[in-house]
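In: just coords:
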């Protein structure tokens, strides 16, 4: 080392060594108590920015997962409503077949008419299904009731799509355009289901042979067309549900891998940190003990 | 010429005197062993002149009889070169310490990584828009507003805390350089010491304690800024301070206050504070504040671009006093759709900004601050290590070693005793001469 060693030099050296060990010990203690190896950006600048980006990714994935859940519930509501509509249309089909074979009396026909009217109202009710306070079948005007009492059979919604974002640049349309099935009733004479049902009801009410002929020649065909259209809608909704399921799996996988990456980046390896902590504590004890011995000796101890 | 009778006494006495001086100096060293800045002193001795004793046997030949020892001076053992090295390193170390401490405070103000920092609030903000895209109601609209307000208040408070660190650096700088600040106090002390040392030097003395005090003041000044010390012939020193135009102290004249312009040329604690407190775009902290403000601008511009220009979501700029950053939209003015048939396209587009340019800029900003602090801490520990090494070297040369003083004490004690014995011998020789030779006359 250097030539002369003075007590002040020795003390300074001892203190500085103890200080260094205590400084390292403090850092290790912080890591143990927080469980993280990155407690401020200066611990690992790149790691800190990576942690921020991974957390943002996870937040985005959480949003996508919420959208998938919401979309799934939406499509479930749509599926069950459409399924009910299907049963009802099939019932109307049965009734029309029975009525068109010419064997029913006028009063029978009127009873059938009453049932058809009720089924038509029930179908409109299904069209007004809501999920989470929003109308499922109003296109993008989810606050507007598709078929309200005051507006009769006229469709009040629009043909916009309701989509849920389930990935970057990836969205799923979760609604079905029910106006393509139900139409806006006999005032527009669009030949769709509500118009058809109104026609059927008036035929049953009339009861004449021309009416009965109309039932069997035209209305049964119209009903078949409606059922085909309904199939199409159900297929679309089913496809949307499939896409949502696939998205959900993908999102979960990404969340798992991001969480693992985040943990790798910022979590402290507890076993390793604890071992380091024990080593540093031992080093501190040794430094303190050595320091105590060194600082005490001088020539005076040995002179008479 | 014969030897004067009482010369011997003088010779022995000079030995006693020298030993006495040496013991006193050893006492002085031991008492001051722990005095900070104390330089050990040694007694310098030289042979006193000699008497010429002519020889009887040879004409013109002489024997030289020594007449004892002279204490020529008591001097300090100090290496001027080590002093220069120490002061330069002290300046660098002070600079690094101040930088590191202040930047750590800025990093603490940033509060990242943390669930209450800006990045989490930004994520929450975008999530609120995502919820709005799925379901437009007064509660989701209200959530967007309150998430926006939380984001704004987090940005504002981070900015203000950084500004506080900057202001505190300014205040510290003003205190140190202002009236009765440390610079003025040190300079005044230095001037007084210069005067006293000059007087003593002209009277032919070496005022060791005053020189030690002056060296201490110079060490202190070197921590504040870079100093250049010139020794003058009259014993005073002229001290240049930082990049000040006129020397701070010249003889007994103090020139302060002066303006210091360049942080790099000034160095030391003052240089670091100048750079940290600078409110122009070259100030360290100001640069961070400007970056944060520009990131906030990126966020607000990108969100406002997806809302109607007549009712923007955000208003103002981060850091501006005349138009502070705020949420100017209300739950009823928030637009989630661009048209009645487009669905919640605006809300979804804003939610999709997550992880985009603004988020990435912020992550890079955090990394930048982390790197800055890391570098400052590393410089700090390196400087401290070098300073400790130079300080050790100084101590090695000038410090008091009790072992050495003890050993010397034994030496001087023996020398004193031996000289006293010589006096005894001389005394008894003269006694013989006086009482025996010529007795009975």
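Out: Perfect, thanks for sending it. It should be emphasised that the depicted structure is a prediction, and the values quoted were computed from it without experimental measurement. Numbering: from 1, shown residues only, chains lettered A, B, ... in the order given.

In: for the chain, which helix is longest?
Out: Because you didn't say which chain, this covers chain A. Ranked by number of residues, the top helix in chain A under DSSP state H is helix A:45-100.

In: hmm, no, I was thinking of chain B.
Out: Identified as the longest helix of chain B according to DSSP H is helix B:357-398.

In: after it comes which helix or strand?
Out: For helix B:357-398, the succeeding helix or strand toward the C-terminus, using DSSP states H and E, is helix B:402-431.

In: could you list the buried residues of that following helix?
Out: Buried residues in helix B:402-431, counting neighbours by 16 or more other C-beta atoms under 10 Å in any protein chain shown, are found at B:403-406, B:408-409, B:412, B:415-416, B:419, B:422-423, B:426. The way it works is simple: take the backbone N, C-alpha and C, and place the C-beta from them, glycine included.

In: so how far is the longest helix of chain B off the chain centroid?
Out: Here the centre of helix B:357-398 is set off from its chain's centre by 15 Å, with C-alpha atoms, centre = their mean, to the nearest Å.

In: and the residue in chain B that chain A sits nearest to, how far from residue B:181?
Out: Across chain B, the shortest distance to chain A (C-beta to the nearest C-beta) belongs to residue B:370, at 2.8 Å. Remark: distance between residue B:370 and residue B:181 (C-beta to C-beta, to the nearest Å) = 34 Å.

In: among those two, which residue is more densely surrounded?
Out: A count of neighbours by other C-beta atoms under 10 Å in any protein chain shown puts residue B:370 above the other of residue B:370 and residue B:181, at 25 against 18.

In: thought residue B:103 was touching the more buried one, still the case?
Out: No - counting by C-beta atoms under 8 Å, residue B:370 stays clear of residue B:103, with 10.2 Å between them.

In: residues in contact with the nearest residue to residue A:238 once chain neighbours are set aside?
Out: Once flanking residues are discounted, residue A:238 sits nearest to residue A:79: 7.2 Å by C-beta to C-beta, 6 or more residues apart in numbering or on different chains. Going by C-beta atoms under 8 Å, 6 or more residues apart in numbering or on different chains, residue A:79 touches A:234, A:237-238, A:241.

In: ok, residue B:91 next?
Out: B:222-223, B:225-227, B:267-268.

In: contacting residues for residue B:247?
Out: Neighbouring residues of residue B:247 by C-beta under 8 Å, 6+ apart: B:238-241, B:255.

In: in PyMOL, how would I select just the buried ones from those residues?
Out: A single PyMOL command is used to select the members of the contacts of residue B:247 judged buried by 16+ other C-beta under 10 Å:
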select buried, chain B and resi 238+239+240+241
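
In: now the contacts of residue B:247 in JSON lines, with distance to chain A, pLDDT and secondary structure?
Out: Listed next are the contacts of residue B:247 as JSON lines, based on distance: C-beta to the nearest C-beta, whole Å; pLDDT from 0 to 100; DSSP: H, G, I helix; E, B strand; the rest coil:
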{"residue": "B:238", "distance to chain A": "30", "pLDDT": "95", "secondary structure": "strand"}
{"residue": "B:239", "distance to chain A": "26", "pLDDT": "96", "secondary structure": "strand"}
{"residue": "B:240", "distance to chain A": "30", "pLDDT": "94", "secondary structure": "strand"}
{"residue": "B:241", "distance to chain A": "28", "pLDDT": "94", "secondary structure": "strand"}
{"residue": "B:255", "distance to chain A": "35", "pLDDT": "93", "secondary structure": "coil"}
